[in-house]
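Trainee: Attaching a predicted model along with its sequence, questions to come.
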Amino acid sequence: MTDEDRAFAEKRKRFYEDFYHAGEPMDPWHAYAQGIVHSTTRTWFRELVGDKGGLILNAGSGGIDYGIRAPMIHLDLAPTRISRFPGYIVGDISEIPAEDSLFDVVLCVGSVLNYGNPVSGLREFQRVLRPGGILILEYERSGSPEYWQEHGLSSACTLVDSFYGSIKTQLWVYADRFIDELLKTHHFKTLKERRFHGLSSILLAITSSPKIASRFTFADQHLSRIWPFRYVASNRMLAVKKLAD
């Protein structure tokens, strides 16, 4: 892990600890995203893993298990969120303190990748997954219209100003081609994909109001599958499989 990674991780840790202490209410934009992420994670796990068993790494857990009843190790920077679980690791996705090929499934959702180093993070996921293991991943896209004016239509990897409730924060956002190339480099094959916050992303860029934009998520499930709403969707989820080396 580089010094820059450690500094960004420490800043993120303080944000989580302060947020947890303050009990900041979730805004409608992120409440909708959380619902999609949780339901999709559960569904894909059931479809791709089912009753096969194995061990799960929940990377950037935040103390959430997505209703999955299987052996799970929770990894997070902030111990206050995960110490109640029988299996947990305090650490960062860029440098996972676990042996090679230990896990059958890795979950990295809730935009965790946007607060870490995607290059070292995906390399670590590939390392700790057994061949044939499943990675369920979600991230925020640089193609979202709210970033166009300042950063262009779809920067490969750029740091942006964002929000969570009334709190201002920063995160890295990525182009699909950037993530896809990293996955290909680390021998992952894409099995499933979902995008969301399509039409609502346009309204967020126009109004700067998560409350107003979130009113247009009613058609998101269908619109985010077609162009141009697919192109402008703020979030992307993937289920990928680690191929044999």
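Mentor: Yep, it's here.

Trainee: just checking, residue 70 touches residue 53?
Mentor: Yes - counting by Cβ atoms under 8 Å, residue 53 is a contact partner of residue 70 at 6.9 Å. C-beta coordinates here come from the backbone N, C-alpha and C atoms, glycine included.

Trainee: Compare these two (neighbour count), which wins?
Mentor: Neighbour count, other Cβ atoms under 10 Å: between residue 70 and residue 53, residue 70 has more, with 16 against 9.

Trainee: Show me the beta-bridge partners of the residue nearest to that one when sequence neighbours are not counted.
Mentor: Nearest non-adjacent residue to residue 70, counting by Cβ to Cβ, 6 or more residues apart in numbering: residue 56, 5.7 Å away. Per DSSP bridges, the residues bridged to residue 56 are residue 72, residue 105.

Trainee: show me the residues around residue 56 that make contact.
Mentor: Applying Cβ atoms under 8 Å, 6 or more residues apart in numbering, we find residue 56 in contact with 68, 70, 71, 72, 73, 103, 104, 105, 106, 107.

Trainee: ok, of those, which come out buried?
Mentor: Buried subset of the contacts of residue 56 (neighbour count, 16 or more other Cβ atoms under 10 Å): 68, 70, 72, 73, 103, 104, 105, 106, 107.

Trainee: For residue 82, see how far away the fifth one is.
Mentor: Looking back up the chat, that one is residue 103. 16 Å (Cβ to Cβ, to the nearest Å).

Trainee: What of the third one?
Mentor: Using Cβ to Cβ, one obtains 10 Å as the distance from residue 72 to residue 82.

Trainee: who's in contact with stretch 30-42?
Mentor: 26, 64, 66-68, 107, 109-111, 136, 138, 164-165, 194, 196-197, 200, 210, 214, 217, 220, 235, 237.

Trainee: quick one: the nearest residue to residue 141 once chain neighbours are set aside from residue 54, how far?
Mentor: Using Cβ to Cβ, 6+ apart and skipping the chain neighbours, the partner closest in space to residue 141 is residue 236 (5.6 Å). With distances taken as Cβ to Cβ, residue 236 is found 25 Å from residue 54.

Trainee: So these two - more neighbours on which side?
Mentor: Legend: neighbour count by other Cβ under 10 Å for residue 236 and residue 54, higher for residue 236 (21 against 13).

Trainee: The more buried one: helix or strand, and which one exactly?
Mentor: strand 235-242 (DSSP states H and E).

Trainee: Can you spell out which helices and strands pack onto that strand?
Mentor: Other helices and strands packing on strand 235-242, by 3 or more Cβ pairs under 8 Å, 6 or more residues apart in numbering; DSSP states H and E, are helix 28-48, strand 129-140, helix 176-185, strand 188-196.

Trainee: No more questions from me, cheers.
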